[in-house]
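Okay, sequence plus prediction incoming.
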Amino acid sequence: MFIIAKRNYLVRRADGSFYRIEKDYIGEIPEDVAESELVQRAIVGGNIAVPGGTKDKELYKACLLYTSPSPRDTER
């Protein structure tokens, strides 16, 4: 699964080992990690973005959403 992570995550795998996802990571993660409850909750919560496809236009949109300031960042 291709992701864009907004935070650090440490995901426990079925074999007991851990898989680290660094903040600002953009790239592929293993399927078992993608299917973990932690990653799925982060996707639903918006802390991990998952582009709908691998085309450059879709990736651009996902990156643009990720890097856009939130409303609280633009308020004075």
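Arrived safely, thanks for sending. Numbering: from 1, shown residues only.

so where's the chain uncertain?
Along the chain, the model assigns pLDDT under 70 to residues 53-76.

Specify the local secondary structure of residue 32.
What DSSP: H, G, I helix; E, B strand; the rest coil gives for residue 32 is helix.

Residue 13 is in contact with that one, correct?
Yes - using CB atoms under 8 Å, residue 32 makes contact with residue 13 at a distance of 6.0 Å. No exception for glycine: its C-beta is placed from N, CA and C like everyone else's.

all helices in this protein, in order from the N-terminus.
With helices called from DSSP state H, the chain shows them at 31-34, 37-45, 56-67, 71-74.

From residue 39, how far out is the closest residue to residue 4 other than its chain neighbours?
Counting by CB to CB, 6 or more residues apart in numbering, residue 49 is the residue found nearest to residue 4 once chain neighbours are left out, at 4.2 Å. Relative to residue 39, residue 49 is positioned 12 Å away (CB to CB, to the nearest Å).

neighbour count winner among these two?
The residue with more neighbours, out of residue 49 and residue 39, is residue 39; 23 against 18, by other CB atoms under 10 Å.

ok now do the more buried one, which residues does it touch?
3, 9, 11, 21, 29, 33, 48 (CB atoms under 8 Å, 6 or more residues apart in numbering).

re earlier: okay, and the common contacts of residue 49 and residue 39?
Looking at what touches both residue 49 and residue 39 (by CB under 8 Å, 6+ apart), the common residues are residue 3.

Residue 18 is in contact with residue 10, isn't it?
Yes - between residue 18 and residue 10 there is a contact at 5.3 Å, judged by CB under 8 Å.

so residue 28 sits right up against residue 4, yeah?
No - no contact is recorded between residue 28 and residue 4 when judged using CB under 8 Å, the distance being 11.4 Å.

More neighbours: which of the two?
Each of residue 28 and residue 4 had its neighbours counted (other CB under 10 Å), and the higher figure belongs to residue 4 (19 against 11).
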